[in-house]
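[1] Need coordinates for the following:
(chains A and B)
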Amino acid sequence: DAGVIQSPRHEVTEMGQEVTLRCKPISGHDYLFWYRQTMMRGLELLIYFNNNVPIDDSGMPEDRFSAKMPNASFSTLKIQPSEPRDSAVYFCASSQRETQYFGPGTRLLVL
Amino acid sequence: AQSVTQPDIHITVSEGASLELRCNYSYGATPYLFWYVQSPGQGLQLLLKYFSGDTLVQGIKGFEAEFKRSQSSFNLRKPSVHWSDAAEYFCAVGSGNTPLVFGKGTRLSVIA
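    You can find the predicted model right below:
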């Protein structure tokens, strides 16, 4: 299996622009997680899905953040409008049972 | 509250020396424990995990970890470190298919 796939790997944008991060989980996995990694706060959960349904989005920082999972093989995390404090590495992970497998991450820089 | 503490922010060891990275957790339910490694600019790779059974678990790249319930610890060890082990190491706790709670990480440097 190709593992969890994320795109883009790097994104540089200007404040106020819309950013869309994409994730393709491992085939057959029914859980999908979005995490954010920053120097100050470490790795934090943003939202997670089970069978394409959002289960817990309490980690989503503001209404500027939204996530969708239209089918079992695709999820998006959108930031609109983006702000410099959103600069971070965003990871997607998927699992079938107890073990989460992580994608390579998207490094986002908002200028 | 669920939490993971990795008391060492940065550790430097000589190549060939032994290594122990500390991890303590606080978790209300039966913990599922994990160690992940992150090389610079890369994602998180699973090193090993503990769910139940034998408290000494073996992982990839020659790593092992021991679960000690009485100490709420899950320390990572390696008998002989290689230069390629230089990376950041994260301990995490969860319970089944729940989000993981991560420690702040320990950065490992390896010197010749």
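[2] how about the strands in chain B?
    Here chain B has its strands, by DSSP state E, at B:3-5, B:10-14, B:19-21, B:24-26, B:32-38, B:44-50, B:56-58, B:64-68, B:73-78, B:87-94, B:101-102, B:106-111.
[3] Dump those to a markdown table, plus distance to A:E62, mean neighbour count and mean pLDDT.
    From N, CA and C alone the C-beta is placed, and that goes for glycine too. Shown next, in a markdown table, are those (distance: least, Cβ to Cβ, whole Å; neighbours: other Cβ atoms under 10 Å in any protein chain shown; pLDDT from 0 to 100):
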| stretch | distance to A:E62 | mean neighbour count | mean pLDDT |
| --- | --- | --- | --- |
| strand B:3-5 | 24 | 17 | 96 |
| strand B:10-14 | 33 | 13 | 97 |
| strand B:19-21 | 35 | 18 | 98 |
| strand B:24-26 | 28 | 17 | 95 |
| strand B:32-38 | 27 | 23 | 96 |
| strand B:44-50 | 25 | 20 | 96 |
| strand B:56-58 | 39 | 13 | 96 |
| strand B:64-68 | 37 | 18 | 96 |
| strand B:73-78 | 34 | 20 | 98 |
| strand B:87-94 | 25 | 23 | 96 |
| strand B:101-102 | 22 | 22 | 96 |
| strand B:106-111 | 30 | 16 | 97 |
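[4] closest one to A:I55 among those strands?
    Set against A:I55 and scored by Cβ to Cβ, those come closest in strand B:87-94, at 13.6 Å.
[5] Output the closest one as PDB, nothing but the C-alphas.
    Taking C-alpha atoms only, strand B:87-94 is exported to PDB below (Å, rounded to 0.1, in the frame of the first residue of the first chain):
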ATOM      1  CA  ALA B  87      15.500  12.300  14.900                       C
ATOM      2  CA  GLU B  88      12.700  13.500  17.100                       C
ATOM      3  CA  TYR B  89      10.900  10.800  19.100                       C
ATOM      4  CA  PHE B  90       7.300  11.100  20.300                       C
ATOM      5  CA  CYS B  91       5.400   9.100  22.900                       C
ATOM      6  CA  ALA B  92       1.700   8.900  22.500                       C
ATOM      7  CA  VAL B  93      -1.300   7.400  24.300                       C
ATOM      8  CA  GLY B  94      -4.800   6.500  23.200                       C
END
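[6] which non-adjacent residue is nearest residue 102?
    As the question left the chain open, I've gone with chain A. B:L44 (4.1 Å; Cβ to Cβ, 6 or more residues apart in numbering or on different chains).
[7] think we crossed wires, I meant chain B
    In space, and not counting its chain neighbours, B:F102 is closest to A:L43: 4.2 Å by Cβ to Cβ, 6+ apart.
[8] No more questions from me, cheers.
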